[in-house]
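A.B. asks: Predicted structure and sequence below. I'll ask about it afterward.
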Amino acid sequence: MTKQLLLLLLWTAIALILRFANLDSKPLWTDEFSTLVFSLGNSFRGVPIDRAIDLATLLQPLQFRPAAGIADVLNHLLLESNHPPVYFAIAHWWMRLFAPSDDNLVWIARSLPALLGAISVPAIYFLGKLAFSSRLVGHCAAAMMAVSPYGIYLAQEARHYTLGILLVIASLFCLTLTAKKLQQGAPLPVWATLLWIIINCLGIAVHYFFVLTLCAEAIALIVLLRQQERRNLFRANSQQPNILQSQVFVRLLAVAIGTLAGGLVWVPVFFSNKYGSELTNWIVSSDRTFVTWISPIFQALAGWLTIVSLLPVESPNLLIVIASAIGMTVFFIWALPILSIALKTSLKLPGTRLGSTIFGSFVLGAILLFFSFAYILGIDLTRGARYNFVYFPGAILLLGSTLAVAFNTPAVKSQWFNFPAVEIAGRKAVILILVMGFVSAVTVNSDLGYRKYYKPDLLIPIIREVSQVPALIATTQNTHVEIGELMGIGVEWQKAEGRGKREEGRGKNEEVKDIESPLFLLVNRKIDAPEIAVATLEKTIGQLERPLDVWLVNFRADVKLERQRCQLESRDLPAVDGYEYQVYHCD
């Protein structure tokens, strides 16, 4: 028992190290700014629109206010965002516990999901142990959860997905308990029925896509019930089959009705939010081109592969990218036959058949739902890898049972078609797969995999080099997403100023003090009248002193500033992820 506990503590320690390493080194992106602002009990509406503002005003919503309470969190979140409030309320208490400042705000905001991500390791262990009646499966699942690059990616963002993962695990615990009781010919206990309803309601209150988890669980439950019906376990295990079937049906119906009631609470909230469609337009597509037909397949495939492996394919060094792509290809060519054979064995063995059926049906059901959304409703959920959180624990448990089978096999073979087979000891194969996961996890927390889409840290040096005069950074604004884009620039500018001052104090930098903080302009964007945005920009420029550099960043309107005596920068400047920009020099 002590050995098992020490091993579990080892996986948890590895998970903590990987999730907290370089936690605040990567720049914030727009969704994380939403978490920060709303969790602090602040609002994006306090940022002035259609006039130039300074850096302090732009970043005011990121200031910790001791007087802010849960009521402020709920009020601003439900009016300005399209997310339910449970995680934001928990994050608010977390913020109050540490009272963040400018220096540690990012670390504190990301530390909560990182901690929740580490807790998912012991949670998946106990679920694996219950589902497969095997400590080895539990340990394999826990080890895979600890090093999964996808898990690291979600845990290092100030978002609600790791809490969602914990609730998915908890809900799968209740599903597993139901399957065990069905196998024994007994109904789900009342306490478990109530617990399942509470977990499901909490899950929906953390993220609306938790509904997909519940639908996938329903698919898995239907598969289990059909299997039980074929085996006639009710008749075999009970002298009163009709009563027993009625009890099972009533308990499952109670779970369904209770969960439905808890979910319906959020329907009017969701549809009353005017920002809902605007914030999710990026996953909706009405086009039926060849690209839109094949994209979900490749996007889903990329998401599945990164559960196990992700080498530095996003490195700025081309040679590293090529080597990483080759390495991942060779790894999967070797690993997939081994995992495939072990999975088939897991579905046949008496000890692992039930668990493999539960989680196999669950994962396949979720994938079916994702593709149904993409190809029937035109809502491509595969575009956001983070949405895979709804079935990620199920995939980890399948991997756990597969690795456990391989671990207990003296020798496993990797073979494609009639090519020569590569034979290796099962334990060595499992260790190699986990080592690949660990290296991939380091890739992610080093920002060489699952890199941030927005890279304001790369834009700041360009602005500092090009603009030797006061600068105005302008963008068009539709929702708080665009405010977050500018906040990203503002936070990175603030960091650069802090580094510059420290270097100046050590006598290493004498130029930083001559560079002024830029002004910022958010222009209200009217899609049907873009000329209004252009007029607002020109009016603002006319009110500012010259010389002036105007940086148009993600400015969604056709702008020609020559009438303002401004000349477009003639040099080709480097591209920056997430930021399309132009610079005008106004004399």
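C.D. replies: Now that the structure is in, tell me what you want to look at.
A.B. asks: hey, let's count contacts and neighbours off CA atoms from now on
C.D. replies: OK.
A.B. asks: Determine the set of other helices and strands touching the lengthiest helix in the chain.
C.D. replies: Counting by DSSP state H, the longest helix found in the chain is helix 318-348. Judged by 3 or more Cα pairs under 8 Å, 6 or more residues apart in numbering; DSSP states H and E, helix 318-348 is in contact with helix 350-372, helix 392-407, strand 411-414.
A.B. asks: quick one: which of the ones you listed is nearest Phe331?
C.D. replies: Within those, the stretch nearest Phe331 is strand 411-414; the backing value is 10.8 Å (Cα to Cα).
A.B. asks: Which other helices and strands does the helix or strand following the closest one contact?
C.D. replies: Following strand 411-414 in sequence order, the next helix or strand is strand 422-425 (DSSP states H and E). In terms of contacts (3+ Cα pairs under 8 Å, 6+ apart), strand 422-425 is packed against strand 411-414.
A.B. asks: Break the protein down into its domains, please.
C.D. replies: 2-24+104-278+288-293+302-445, 456-586 (automatic domain parsing).
A.B. asks: follow-up on the earlier one: buried residues of the longest helix of the chain, list them for me.
C.D. replies: Going by neighbour count (16 or more other Cα atoms under 10 Å), the buried part of helix 318-348 is 321, 324-325, 328, 332, 334-335, 337-339, 341-343, 345-347.
A.B. asks: which two from those residues end up farthest apart in space?
C.D. replies: Using Cα to Cα, the buried residues of helix 318-348 reach their maximum pairwise distance at Val321 and Leu347, which is 37.0 Å.
A.B. asks: then whichever strand or helix holds Met144 to PDB, C-alphas only?
C.D. replies: Taking DSSP H and E as the definition, one finds Met144 inside helix 135-147. Coordinates of the C-alpha atoms in helix 135-147 are reproduced here as PDB (Å, rounded to 0.1, in the frame of the first residue of the first chain):
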ATOM      1  CA  ARG A 135      -4.100  -0.400  -9.600                       C
ATOM      2  CA  LEU A 136      -1.800  -0.800 -12.600                       C
ATOM      3  CA  VAL A 137      -4.400   0.800 -14.900                       C
ATOM      4  CA  GLY A 138      -4.900   3.500 -12.400                       C
ATOM      5  CA  HIS A 139      -1.200   4.200 -12.300                       C
ATOM      6  CA  CYS A 140      -0.800   4.100 -16.100                       C
ATOM      7  CA  ALA A 141      -3.700   6.600 -16.500                       C
ATOM      8  CA  ALA A 142      -2.300   8.800 -13.800                       C
ATOM      9  CA  ALA A 143       1.200   8.800 -15.300                       C
ATOM     10  CA  MET A 144      -0.300   9.600 -18.800                       C
ATOM     11  CA  MET A 145      -2.400  12.400 -17.300                       C
ATOM     12  CA  ALA A 146       0.700  13.800 -15.500                       C
ATOM     13  CA  VAL A 147       2.800  14.100 -18.700                       C
END
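A.B. asks: list the helices and strands it packs on?
C.D. replies: So helix 135-147, by 3+ Cα pairs under 8 Å, 6+ apart, packs with helix 2-20, helix 105-132, helix 392-407, helix 426-445.
A.B. asks: try it again with 10 Å
C.D. replies: helix 2-20, helix 105-132, helix 149-155, helix 392-407, helix 426-445 (3 or more Cα pairs under 10 Å, 6 or more residues apart in numbering; DSSP states H and E).
A.B. asks: Now do it: distance to the chain's middle.
C.D. replies: Relative to the chain's own centre, helix 135-147 is displaced by 21 Å; criterion: Cα atoms, centre = their mean, to the nearest Å.
A.B. asks: Now do it, average pLDDT.
C.D. replies: Per-residue pLDDT values over helix 135-147 give a mean of 97.
A.B. asks: and if you look at stretch 347-356?
C.D. replies: On average, stretch 347-356 scores 90.
A.B. asks: go on, stretch 430-438?
C.D. replies: Averaged across stretch 430-438, pLDDT comes to 97.
A.B. asks: List the buried residues of it.
C.D. replies: Within stretch 430-438, the residues scored as buried using 16+ other Cα under 10 Å are 430, 433-434, 436-438.
A.B. asks: what's the closest of the residues you listed to Pro268?
C.D. replies: Of all the buried residues of stretch 430-438, Pro268 sits closest to Gly437, with 42.3 Å by Cα to Cα.
A.B. asks: quick check, nearest of the buried residues of helix 318-348 to Pro187?
C.D. replies: Leu347 (24.4 Å).
A.B. asks: Isn't the closest one up against Phe132?
C.D. replies: No. With contact defined as Cα atoms under 10 Å, Leu347 does not reach Phe132; the gap is 11.2 Å.
A.B. asks: and for these two, which residues touch both?
C.D. replies: Residues within reach of Leu347 and of Phe132 at once, by Cα atoms under 10 Å, 6 or more residues apart in numbering, are 353-356, 401.
A.B. asks: Neighbour-wise, which one of those leads?
C.D. replies: Ranked by neighbour count (other Cα atoms under 10 Å), the shared contacts of Leu347 and Phe132 have Ser401 at the top, with 32 neighbours.
A.B. asks: Now do the contacts for it.
C.D. replies: Contact analysis of Ser401 by Cα under 10 Å, 6+ apart lists 128-129, 131-132, 134, 136-141, 339, 342-343, 345-347, 352-353, 355-356, 407.
A.B. asks: what is the mean pLDDT for stretch 252-266?
C.D. replies: The average pLDDT within stretch 252-266 is 93.
A.B. asks: who's in contact with that stretch?
C.D. replies: Here stretch 252-266 has contacts from 83-84, 178, 187-188, 190, 192-205, 208, 210-211, 214, 218, 221, 246-251, 272, using Cα under 10 Å, 6+ apart.
A.B. asks: Kindly recompute the last result at 6 Å.
C.D. replies: Applying Cα atoms under 6 Å, 6 or more residues apart in numbering, the contact partners of stretch 252-266 are 197, 200-201.
A.B. asks: who wins for neighbours among those residues?
C.D. replies: Top of the contacts of stretch 252-266 by neighbour count (other Cα under 10 Å): Asn200, with 26 neighbours.
A.B. asks: Of all residues in this structure, which one is nearest the centre?
C.D. replies: Nearest to the geometric centre of the chain sits Arg386, at 3.4 Å (Cα atoms, centre = their mean).
A.B. asks: how much space is there between the closest residue to it other than its chain neighbours and Pro113?
C.D. replies: Spatial nearest neighbour of Arg386, chain neighbours left out: Leu154 (6.8 Å); criterion: Cα to Cα, 6 or more residues apart in numbering. Counting by Cα to Cα, to the nearest Å, the gap from Leu154 to Pro113 is 8 Å.
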